[in-house]
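Undergrad: okay, here's the prediction I keep looking at, along with the sequence it came from:
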Amino acid sequence: MKKYFGTDGIRGRVGEPPISADWILNLGWALGSVLVANNANVATLASNLDNARKKVNASKIDVISKTKDRPKVLIGKDTRVSGYLFESALEAGLSSAGVDTLLLGPMPTPAIAYLTRTLRAQAGIVISASHNLYHDNGIKFFSAEGTKLPDEMELAIEAALEHPLKTVDSRLLGKAQRVQDAEGRYIEFCKNTAPIALDLRGFKIVLDCAHGATYRVGPAIFKELGAEVIELGVDPDGYNINDHCGSTYPKPLAAAVVDAKAHLGIAFDGDGDRVIMVDHTGEIVDGDELLFIIAKWYADNNRLTGGVVGTLMSNFGLELAFKGAGIQFSRVAVGDRHILEFLKKHSWNLGGESSGHIICLDVNSTGDGIVSALRVLTVISSTARSLHELKQGMTKLPQTLINVKHTSKNDIIAHPVVKSAVESAELRLNGHGRVLLRASGTEPLIRVMVEGKDSNIVNALALELAEVVRGQSTN
């Protein structure tokens, strides 16, 4: 069992452990220590870090000293004010362990995954709490391949955190430098994921960057492809990230699309790994619908390997649409880690969540909001159909999701009262819907979801279940 790592790295309130300056300093050192000892088996490190160090330190440190081949780690961040604090803390921790750092500044999470691979770094770090507001922050890690760290590596880092920080000899301290062309590298990568024939001249797009990590690269990419771009959420001040904007709050985008008579709107979240779109009528097109549009195009053009992966939260209408299109569909637990694991295990190349986190594994190793948006624009361009027309291929069932604050340490979902309420709700749906309760992996919340054909029944059952959960969570 991992003590600190959740489904998407480590996340929490700024100033409260583990998201405090001293703890993040130690985290940087812990990662650095594991990387320096990378000749030892990471599973051994996790169970017996001291013995592993004894085996590798003498020879490994000498090699590093002689060849100057220190491990290298990339650090990127979103636009939260606390990013400055944690960037410095991580840099200091890594340096004290003998690891060099490359600083990228504000960059989307998928950009760090891409640049970690192309710059041949041993790991990448993103300082971000994704779609949360500024008072939260978090740390995400990428492996040298640009994927989430394996469980063994996370366990090794947690094991290292149990030991006091020890600074290497001064001649072995890591150095830091800023990567000056990081934005340009990522912009070219994103553009190269689209066909050379994609020409957005004549397209009017409203782009909401959530005052987050895409605020510079996002507009640049779509403008360079020829689109007329109306910019929203591109003035970060350290505090306004995700605040009534971006993919978690697309209403202002929808209004702006209609007012500007734009062809469509695109909204990213704070770290740029999610995308939600809006069609020309102002209707919101969520991740399930975008996933279907991309998947159908993949299938029609022989680009789809295997089937498509969704999660337990994917709308049942998506499952029905894939069945009608003859596309295999599988569900996994919520979280891009689970989607990626399934894709790699089965050699599939497409999956995603209703939140707009879509993984096109044929072009990037993680979810990428900009790349996903370009995929949809490619479908629009190649089929000469509008986003509004394309979304008609899937009909969503009414779905209500209520987040209930979870203050109890008990397993609320397994409580007899809650289980009884769930069973009762399922009986009332009479086989024409489903109920799902799950604990958030990133926030102290229980997510209550009800789905069915009748929206009135769905809403009523969700409210009733949320009240039952709320009553037990405070006991």
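TA: That came through, no problem.
Undergrad: my read: residue 295 touches residue 308, true?
TA: Yes. Residue 295 is in contact with residue 308 according to Cβ atoms under 8 Å; the separation is 4.8 Å. Using the backbone N, CA and C atoms, a C-beta is placed for each residue, glycine as well.
Undergrad: ignoring the adjacent residues along the chain, who's closest to residue 428?
TA: Residue nearest to residue 428 in three dimensions, not counting chain neighbours: residue 461, with 6.4 Å by Cβ to Cβ, 6 or more residues apart in numbering.
Undergrad: so that neighbour touches residue 429, yeah?
TA: Yes. Residue 461 is in contact with residue 429 according to Cβ under 8 Å; the separation is 7.3 Å.
Undergrad: look at those two and report which has more neighbours.
TA: Just comparing residue 461 and residue 429: by other Cβ atoms under 10 Å the higher neighbour count belongs to residue 461, 25 against 18.
Undergrad: separation between the more buried one and residue 14?
TA: Noted for residue 461: a distance of 37 Å to residue 14, by Cβ to Cβ, to the nearest Å.
Undergrad: coming back round to it: what's the overlap in contacts for residue 461 and residue 429?
TA: The contact sets of residue 461 and residue 429 overlap at 435, 450, 452 (Cβ atoms under 8 Å, 6 or more residues apart in numbering).
Undergrad: how about those residues in TSV, adding pLDDT and secondary structure?
TA: TSV is the format used below for those (pLDDT from 0 to 100; DSSP: H, G, I helix; E, B strand; the rest coil):
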residue	pLDDT	secondary structure
435	93	strand
450	95	strand
452	91	strand
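Undergrad: out of those, grab the one that's most surrounded.
TA: Counting by other Cβ under 10 Å, top hit in the shared contacts of residue 461 and residue 429: residue 450 with 29 neighbours.
Undergrad: now it: closest residue in space, sequence neighbours ignored.
TA: residue 462 (4.2 Å).
Undergrad: confirm the one you found sits in a helix?
TA: Yes. Counting by DSSP: H, G, I helix; E, B strand; the rest coil, residue 462 is located in a helix.
Undergrad: tally of neighbours for the closest residue in space to residue 248 that isn't next to it in sequence?
TA: Counting by Cβ to Cβ, 6+ apart, residue 248 lies nearest to residue 131, which is 4.9 Å off, once chain neighbours are set aside. Here the number of neighbours of residue 131 (other Cβ under 10 Å) works out to 24.
Undergrad: where does pLDDT dip in the chain?
TA: Within the chain, the stretches with pLDDT under 70 are 38-68, 474-475.
Undergrad: could you chop it up by domain?
TA: For the chain, automatic domain parsing gives the domain ranges 10-180, 185-393, 399-473.
Undergrad: of all those, which lies closest to residue 2?
TA: Comparing the domains of the chain against residue 2 with Cβ to Cβ, the closest turns out to be domain 10-180 (5.9 Å).
Undergrad: for the closest one, measure first residue to last.
TA: Distance between the two ends of domain 10-180: 28 Å, counting by Cα to Cα, to the nearest Å.
Undergrad: pretty sure residue 126 is touching residue 142, no?
TA: Yes. Under the criterion of Cβ under 8 Å, residue 126 makes contact with residue 142 at 7.4 Å.
Undergrad: kindly provide the distance from residue 354 to residue 209.
TA: Applying Cβ to Cβ to residue 354 and residue 209 gives a distance of 21 Å.
Undergrad: oh, that last question was meant for residue 318, not what I typed.
TA: 27 Å.
Undergrad: which one of those two has more residues nearby?
TA: Using other Cβ under 10 Å as the criterion, residue 318 and residue 209 rank with residue 209 on top: 30 against 26.
Undergrad: how about the helices in the stretch 1-150 of the chain?
TA: 21-36, 42-47, 49-67, 82-96, 109-118 (DSSP state H, counting those that start in this stretch).
Undergrad: if I read this right, residue 352 contacts residue 358, doesn't it?
TA: Yes. Checked against Cβ under 8 Å, the pair residue 352 and residue 358 is within contact range at 3.6 Å.
Undergrad: between these two, what contacts are shared?
TA: 287, 290, 291, 367, 372.
Undergrad: show me what contacts the residue positioned nearest the centre of the chain?
TA: Closest residue to the average C-alpha location of the chain: residue 273 at 4.9 Å, with Cα atoms, centre = their mean. Residues counted as contacts of residue 273 (Cβ under 8 Å, 6+ apart) are 108, 109, 110, 130, 336, 357, 366, 367, 368, 369.
Undergrad: so for stretch 382-402, first residue to last residue, what's the gap.
TA: Stretch 382-402 has its terminal residues 38 Å apart, counting by Cα to Cα.
Undergrad: ignore the last one, stretch 278-293
TA: Start-to-end, stretch 278-293 (Cα to Cα) is 14 Å.
Undergrad: any idea how far the residue nearest to residue 210 when sequence neighbours are not counted lies from residue 399?
TA: Distance criterion Cβ to Cβ, 6+ apart; nearest residue to residue 210, sequence neighbours excluded, is residue 246 at 2.7 Å. Note on residue 246: its distance to residue 399, by Cβ to Cβ, is 21 Å.
Undergrad: cool, and residue 326?
TA: Distance from residue 326 to residue 399, by Cβ to Cβ: 24 Å.
Undergrad: okay, the two: which has more neighbours?
TA: residue 399 (24 against 7).
Undergrad: dump the residue contacts of the nearest residue to that one once chain neighbours are set aside.
TA: Of all residues not flanking residue 399 in the chain, residue 451 sits nearest, at 4.4 Å (Cβ to Cβ, 6+ apart). Neighbouring residues of residue 451 by Cβ under 8 Å, 6+ apart: 315, 316, 397, 398, 399, 400, 433, 434, 435, 436, 458.
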